[in-house]
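Chemist: Dropping a prediction and its sequence here:
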Amino acid sequence: MLIGRTTCAFEDKVFTEWRILFCGIGIVLCCAMLLAWKIGQGHAVIDTGGTAQCRIDFCTIWVSGVLVAAGEGARAYDYPFFSAAQLALVGPPAPGFPASNYAYPPIFLFFTYALGLLPYPTAFVIWTIATLILYVAAVYVIVPRSAAVVSALTPVAVAQSILLGQNGLLTAGLMGLALALLRLRPYLAGAVISLLTYKPQFGVVFPLALLASRQWRAFAAATMGTLLLVGATIAVFGSRSWIYFFEYLGHRNSSLGVDEGVELTHQSLFGLLHWIAGGNTTPLLVHVIVAVAASIAVTLVCRWPTPHDLKAAAVCFGSVVVTPYIEVYDLCVLPIGAAFLIRDGLMRGFLPAERALMLLCLGAMSFLYLPIGPLIYGVLLLLLARRVFASERVLTTPPVSLQCQWPVRIFG
């Protein structure tokens, strides 16, 4: 007990808001300069001569938007047609970046339509700014502190999502907003959850969590929103868009890569075991067992009289654990889950070594060129379980009131 109090007192002195803000700004500025350098070196939408190129994942997103704008949305799943359109619009793929088909459900075409109306570089800038604002807004909704927002921008997953023009920030932002709004505006939260169906592998635990926590209104809104979105895609793009999409899923290779001969470093338990031992059957079987256990754990946490912030963190971490297909940019969800843990700590006090371990996880995300993601969110899951089962809260400083945040005033 004495050691715990001493540890908490030490962390209170070290993890001050101004110190976190100062260090975070320094890291963010370094990341921004590195991103600017990479873009200037032709590692993004344009080469060093200013010519559009197919080098990043955003190329696929933008081409799908162009097809939608031309009334050919369903042809995004026609591999020869899509490849020809990609070649005509942005040229041949860069070395090491093979041409690929459109990999998302037809629902995502509603997100990409507006991008197809813009020039390629302009669309990339708009997409980056919009998704970054959504992500920052979600973090601020959870913890309305500048230090929290800056800290959430430091993980390498954020920089990777920006550089590739990927949707990691969009997924994390929607998930954070949905969980933050769940207590006060369940119908609105359910509507936001329905938008997450554009990436269904991250929505497995949501129905379990909503039902277990008896969020009937949010569950109904999410179900209705999903059905409306599916109906809208059928009306706009035709039923064949869904048929083509499921046919595409059936042609993915056994390692869950997008293209044959291209192995992706998945930041999942499956990816870690596949990287260590090779093979697919045993790693996938182990992953499924752990995913089922994680789903049950999330259900139990949401059913117990657990604080809402801990339930929200469980959904975030559980969503990451369940899917075998997860890349570095998808780990933008982890800072959202950590924000809920921090919010609970600010309101009810932190436990010994909690903040130090969170900082360790943040630093470890700099090494995600290896599939060590499961080790990182494994530690975060242990921190979550510790808070759930803690018999007493160590309040070394008075709890901070976070009730008067701007989303409450807008939506309340």
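Modeler: Here it is on my side, so go on. Numbering: from 1, shown residues only.

Chemist: Nearest residue to L208 in space, please, no chain neighbours.
Modeler: Of all residues not flanking L208 in the chain, T299 sits nearest, at 4.7 Å (Cβ to Cβ, 6 or more residues apart in numbering). C-beta: built from backbone N, CA, C; applies to glycine.

Chemist: Quick check: closest non-adjacent residue to L170.
Modeler: T131 (4.6 Å).

Chemist: Next up, the contacts around the one you found.
Modeler: S161, N167, L169, L170, G173 (Cβ atoms under 8 Å, 6 or more residues apart in numbering).

Chemist: for stretch 156-174, how far is the first residue from the last?
Modeler: Start-to-end span of stretch 156-174 (Cα to Cα, to the nearest Å) is 19 Å.

Chemist: Please read the previous query as pertaining to stretch 180-200.
Modeler: Counting by Cα to Cα, the terminal residues of stretch 180-200 are separated by 20 Å.

Chemist: what does stretch 325-341 give?
Modeler: Start-to-end, stretch 325-341 (Cα to Cα) is 25 Å.

Chemist: for the record, mean pLDDT for it?
Modeler: Stretch 325-341 shows a mean pLDDT of 93.

Chemist: Can you mark which positions in it are buried?
Modeler: Buried residues in stretch 325-341, defined by neighbour count with 16 or more other Cβ atoms under 10 Å: 325-341.

Chemist: so where's the stretch 301-412 of the chain uncertain?
Modeler: Low-confidence segments of the stretch 301-412 of the chain (pLDDT under 70): 391-412.

Chemist: Please enumerate the helices of it.
Modeler: Ranges of helices in the stretch 301-412 of the chain, per DSSP state H, counting those that start in this stretch, are 308-322, 333-348, 354-364, 373-389, 406-411.

Chemist: In the third one, which residues are buried?
Modeler: Buried residues in helix 354-364, defined by neighbour count with 16+ other Cβ under 10 Å: E354, R355, L357, M358, L359, C361, L362, A364.

Chemist: ok, which stretches of the stretch 1-150 of the chain are helices?
Modeler: 2-14, 17-40, 58-69, 79-90, 109-116, 120-142, 146-152.

Chemist: can you put the ones you listed in a markdown table and add distance to L184 and mean pLDDT?
Modeler: Listed next are the helices of the stretch 1-150 of the chain as a markdown table, based on distance: least, Cβ to Cβ, whole Å; pLDDT from 0 to 100:
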| stretch | distance to L184 | mean pLDDT |
| --- | --- | --- |
| helix 2-14 | 30 | 69 |
| helix 17-40 | 26 | 89 |
| helix 58-69 | 33 | 91 |
| helix 79-90 | 42 | 85 |
| helix 109-116 | 26 | 91 |
| helix 120-142 | 11 | 95 |
| helix 146-152 | 20 | 92 |
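
Chemist: Deepest-packed of the ones you listed, please.
Modeler: Neighbour counts (mean count of other Cβ atoms under 10 Å) averaged over each of these peak at helix 58-69, with a mean of 25.

Chemist: contacting residues around that helix?
Modeler: 45, 73, 75-76, 82, 85-86, 89-90, 93, 100, 102-104, 108-109, 112-117, 120, 123-124, 127, 164-167, 237.

Chemist: how big is the angle separating that helix from helix 120-142?
Modeler: 100 degrees (axes from the mean of the first three to the mean of the last three Cα atoms, to 10 degrees).

Chemist: now helix 58-69 against helix 109-116, angle please.
Modeler: Using the same axes, to 10 degrees: helix 58-69 against helix 109-116 is 90 degrees.

Chemist: can I have helix 58-69 written out in PDB, keeping just the CAs?
Modeler: Extracted as PDB, the C-alpha positions of helix 58-69 are listed here (Å, rounded to 0.1, in the frame of the first residue of the first chain):
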ATOM      1  CA  PHE A  58      -5.700   6.700 -50.900                       C
ATOM      2  CA  CYS A  59      -5.400   6.100 -54.700                       C
ATOM      3  CA  THR A  60      -7.900   3.200 -54.400                       C
ATOM      4  CA  ILE A  61     -10.300   5.300 -52.300                       C
ATOM      5  CA  TRP A  62     -10.200   8.200 -54.800                       C
ATOM      6  CA  VAL A  63     -10.600   6.100 -57.900                       C
ATOM      7  CA  SER A  64     -13.700   4.500 -56.300                       C
ATOM      8  CA  GLY A  65     -15.000   8.000 -55.800                       C
ATOM      9  CA  VAL A  66     -14.400   8.900 -59.400                       C
ATOM     10  CA  LEU A  67     -16.300   5.800 -60.500                       C
ATOM     11  CA  VAL A  68     -19.200   6.700 -58.200                       C
ATOM     12  CA  ALA A  69     -19.300  10.300 -59.600                       C
END
